[in-house]
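Give me coordinates for this.
(one chain, ligands or ions: 1)
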Amino acid sequence: MQTVRGLHHVTAIAGSAQENLDFYAGVLGMRLVKKSVNQDDPGTYHLFYADAEGHPGTDLTFFPWAQMAPSREGYGLSSEVSLAVPPGSLDFWGERLQRHGVNVSPLESRFGQPALPLRDPHGLHVALVESQDSLGRPFTSWDQSPIPKQHQIRGLESARLVERDLVRTSSFLTEAMGFAHVGAENGWNRYGVAGGKSGAYVDVYESPTSGRGAWGTGSIHHLAWRVDDEAHQLEVRQRVLEGGSRPTPVIDRFWFESVYFPEPGGVLFELATEGPGFAVDEDPAHLGETLVLPPWLEPERASIEAVLPRLVMP
Ligand code: ZN
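As a prediction, the model looks like this:
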């Protein structure tokens, strides 16, 4: 059976776009590889942070909806994204985050990996996880990052889901998406894709009494899983359909092709193709510097730019 390859990107909801940029580029030192707009709501930015080249699997993206209420934690949502850092680098990170006044929790061990949980300026749960296998992934360090090369974030490691019913989601992950159950610890069940590279893990926690979670600032909007190409995407889409979910048709996102569907517990998933990638419409040396619109929004550029807040690189 064809499995997804791991996380392609994770998209979350932020408050102020400038505060989001200051944190992810200025404090975490990720590269803003694409400054675009939400294709369904072009008056809102869509900001993409990744490694220097925007490799699939390194990419954390945000819709800054400053007017939106904070999210409500509960089941049916992805509750945390973890980012891979090189083994031995959490001392560096702990000190740096403290110096920048970031809300950091005590160091944990998760499935044998040291993890440093933190909240971003808008309440999003993020964890930095020391990941041995992140060293072997496609990754290009960013030489203008404030973070020394040996400590830079190397991409997505995993995501957490909170669910009302573990079994429904677990069956869907294993039967439709190709995950295998790899372990359980402190109430979290871990699923992984064999041979997956970045973001090969998803951890699920059953919490039937927590109430339904709701999107808002500080919540994860969706998890996108990597597929090789359109044929692979259609094959997984078919199994998603057979698994009882209702996937959208293939949508052209210009930098990749996407299919969206809710998993049985309600978390929004996406299948995104590896290519063509972020360099398709920008010089790789100048990614993220100017507002990039997909061709079909180009005629509306003036009115779109007029409503977007001006962003200053940190
Ligand atoms: Zn997406």
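
tell me what the one helix or strand His9 maps to is packed against?
For His9, the element it lies in under DSSP states H and E is strand 7-14. Taking 3 or more Cβ pairs under 8 Å, 6 or more residues apart in numbering; DSSP states H and E as the contact definition, the neighbouring helices and strands of strand 7-14 are strand 59-64, strand 77-85, strand 155-163, strand 220-227, strand 268-276. Placement of C-beta: from N, CA and C, glycine included.

Measure how far it is from the centre of its chain, please.
Taking Cα atoms, centre = their mean, to the nearest Å, one finds strand 7-14 lying 3 Å from the centre of the chain it belongs to.

Flag every buried residue along that strand.
If you call a residue buried by 16 or more other Cβ atoms under 10 Å, then strand 7-14 has these buried ones: 7-14.

Going by distance to the ion, which of the residues you listed wins?
Set against the ion, the nearest of those by Cβ to the ion is Thr11 (4.7 Å).

List the beta-bridge partners for that closest one.
The residues listed as beta-bridge partners of Thr11 by DSSP bridges are Thr61, His222.

May I have whatever helix or strand comes next after the strand holding His9 exported as PDB, CA atoms only?
Using DSSP H and E, the next helix or strand after strand 7-14 towards the C-terminus is helix 17-21. Coordinates of the C-alpha atoms in helix 17-21 are reproduced here as PDB (Å, rounded to 0.1, in the frame of the first residue of the first chain):
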ATOM      1  CA  ALA A  17       1.300  39.200  11.000                       C
ATOM      2  CA  GLN A  18       4.200  41.300  12.200                       C
ATOM      3  CA  GLU A  19       4.400  39.600  15.600                       C
ATOM      4  CA  ASN A  20       4.200  36.200  13.800                       C
ATOM      5  CA  LEU A  21       7.100  37.300  11.500                       C
END
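
Quick one: distance of helix 17-21 to the chain centre.
Remark: helix 17-21 is offset 16 Å from the chain centroid, using Cα atoms, centre = their mean.

Break down the stretch 201-314 of the chain into its helices, ranges please.
In order along the chain, the stretch 201-314 of the chain carries the following helices (DSSP state H, counting those that start in this stretch): 230-242, 301-307.

which helices and strands does the shortest one pack with?
Translated: helix 301-307. Other helices and strands packing on helix 301-307, by 3+ Cβ pairs under 8 Å, 6+ apart, are strand 41-50.

one step back: dump the helices and strands packed on strand 7-14 to CSV, plus distance to Pro314.
What follows is the helices and strands packed on strand 7-14, written out as CSV (distance: least, Cβ to Cβ, whole Å):
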stretch, distance to Pro314
strand 59-64, 15
strand 77-85, 18
strand 155-163, 21
strand 220-227, 23
strand 268-276, 28
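
Let me know which of the ones you listed is the nearest to Phe179.
strand 220-227 (9.8 Å; Cβ to Cβ).

Could you see whether the ion lies near that closest one?
Yes. Under the criterion of Cβ under 5 Å from the ion, strand 220-227 makes contact with the ion via Ala224.

what are the C-alpha coordinates of that strand, in PDB please?
Backbone C-alpha positions of strand 220-227 (Å, rounded to 0.1, in the frame of the first residue of the first chain) are rendered in PDB as follows:
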ATOM      1  CA  ILE A 220      -3.400  24.600  14.000                       C
ATOM      2  CA  HIS A 221      -5.600  24.900  11.000                       C
ATOM      3  CA  HIS A 222      -4.600  21.800   9.100                       C
ATOM      4  CA  LEU A 223      -1.900  19.200   8.600                       C
ATOM      5  CA  ALA A 224      -0.700  18.600   5.100                       C
ATOM      6  CA  TRP A 225       0.800  15.200   4.300                       C
ATOM      7  CA  ARG A 226       3.400  14.700   1.500                       C
ATOM      8  CA  VAL A 227       2.700  12.600  -1.600                       C
END
